[in-house]
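[1] Give the three-dimensional model of this entry:
(one chain, ligands or ions: 1)
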Amino acid sequence: MKLDRTDGIIIALDGPAGSGKSSTARAVAERLGYRHLDSGAFYRALTWAALRANIPPERWPELTPDELDRLDVHGAPEGRAYRLTVGGWDVSEAIRTPEVNAHVSRMAAVPAVREWLMDALREAGARGGLVADGRDIGTVVFPEAELKAYLVCEPEERARRRLREQGAGVSEDEVRAEAARLQGRDQIDSGRAVAPLAEAADAVRIDTTRLDFEAQVEAVVKLARERAGG
Ligand code: CDP
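    Model (predicted):
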């Protein structure tokens, strides 16, 4: 099949929670004039919608495609990104709460949920020109991506970044607690049967622990320019 790359190449950024994928992907997209797909936001929106509909997490593994349709979760292209709505309401902020953090990996582990989302995610890359971030972008969603980067970072540093991002305190106790929560999520994401968090064989690994944000963005932009051929 001839890949349509009218708008540019596809860049897949995967890695564990808090490794800086989404913020890096957004900045890389900006620099290249590409669109940014934050796939985690779709799993978060489904989680938020299911909680709001009072569907208990124990029932999530049995969700049918019809029930998922009825949750009315949509991601519409807007500017360089995708705006997520549930029942027509913008949920961009609502999906970042600790409650969603605590439940999202459970939703993302349900095979029917991943299958239900696949078309919408792949559609975003139909013409190329996309930076997509998540857990399985380079392995499952866009295995044909021209550039795959796998971002890693030590858990305490990831925790510090996440706490700062949330405007929360960064005492050593809080850092330890947040690092444990992130690692708990990583464990579920890596251990699930379907599309687990995994580094693609042809991914470039970037350790961001001691990189500042600009250096991290520059590393991906440089690789992207090489792969795009100029
Ligand atoms: O921002 P953070 O790295 O904490 O998480 P996220 O990218 O918003 O993703 C939230 C959750 O969605 C992850 O912990 C995974 O359980 C799930 N996810 C996934 O399974 N597959 C993806 N491609 C993206 C996210």
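
[2] For the longest helix along the chain, which helices and strands make contact with it?
    Assignment by DSSP state H gives helix 172-191 as the longest helix of the chain. Applying 3 or more CB pairs under 8 Å, 6 or more residues apart in numbering; DSSP states H and E, we find helix 172-191 packed against helix 98-108, helix 155-165. Heads up, the C-betas are built off the backbone N, CA and C, glycines and all.

[3] Now it: buried residues?
    175, 178-179, 181-182, 185-186, 189 (16 or more other CB atoms under 10 Å).

[4] between those residues, which is nearest Val86?
    Arg185 (21.7 Å; CB to CB).

[5] From the ligand, how far out is that closest one?
    With distances taken as CB to the nearest ligand atom, to the nearest Å, Arg185 is found 5 Å from the ligand.

[6] same deal with Ala219?
    Here Ala219 is placed at a distance of 18 Å from the ligand (CB to the nearest ligand atom).

[7] likewise Leu151?
    10 Å.

[8] same question, Arg106
    Using CB to the nearest ligand atom, one gets 8 Å for the distance from Arg106 to the ligand.

[9] surely that residue meets Arg192?
    No. Counting by CB atoms under 8 Å, Arg106 stays clear of Arg192, with 9.7 Å between them.

[10] What is the burial count for Asp207?
    For Asp207, the count of nearby residues is 13 (other CB atoms under 10 Å).

[11] Those residues of this structure touching the ligand, which are they?
    For the chain, the contact set with the ligand under CB under 6 Å from any ligand atom comprises 17-18, 22, 39-40, 43-44, 104-105, 108, 134-137, 185, 189.

[12] which one of these has the most neighbours?
    That'd be Ile137 among these, by other CB under 10 Å, with 31 neighbours.

[13] dump the residue contacts of the residue lying closest to that residue once chain neighbours are set aside.
    Closest residue in space to Ile137, ignoring its immediate chain neighbours: Ala12 at 3.9 Å, by CB to CB, 6 or more residues apart in numbering. Ala12 is in contact with 132-133, 137-138, 141-142, 145, 147-149, 200, 203, counting by CB atoms under 8 Å, 6 or more residues apart in numbering.

[14] Which of the residues you listed sits closest to Leu68?
    Of all those, Val141 has the smallest distance to Leu68: 17.5 Å, by CB to CB.

[15] my guess is that closest one meets Gly40, correct?
    No. Look at Val141 against Gly40 with CB under 8 Å: they stay out of range, at 11.9 Å.

[16] Common neighbours of these two, please.
    Residues touching both Val141 and Gly40 by CB under 8 Å, 6+ apart: Gly134.
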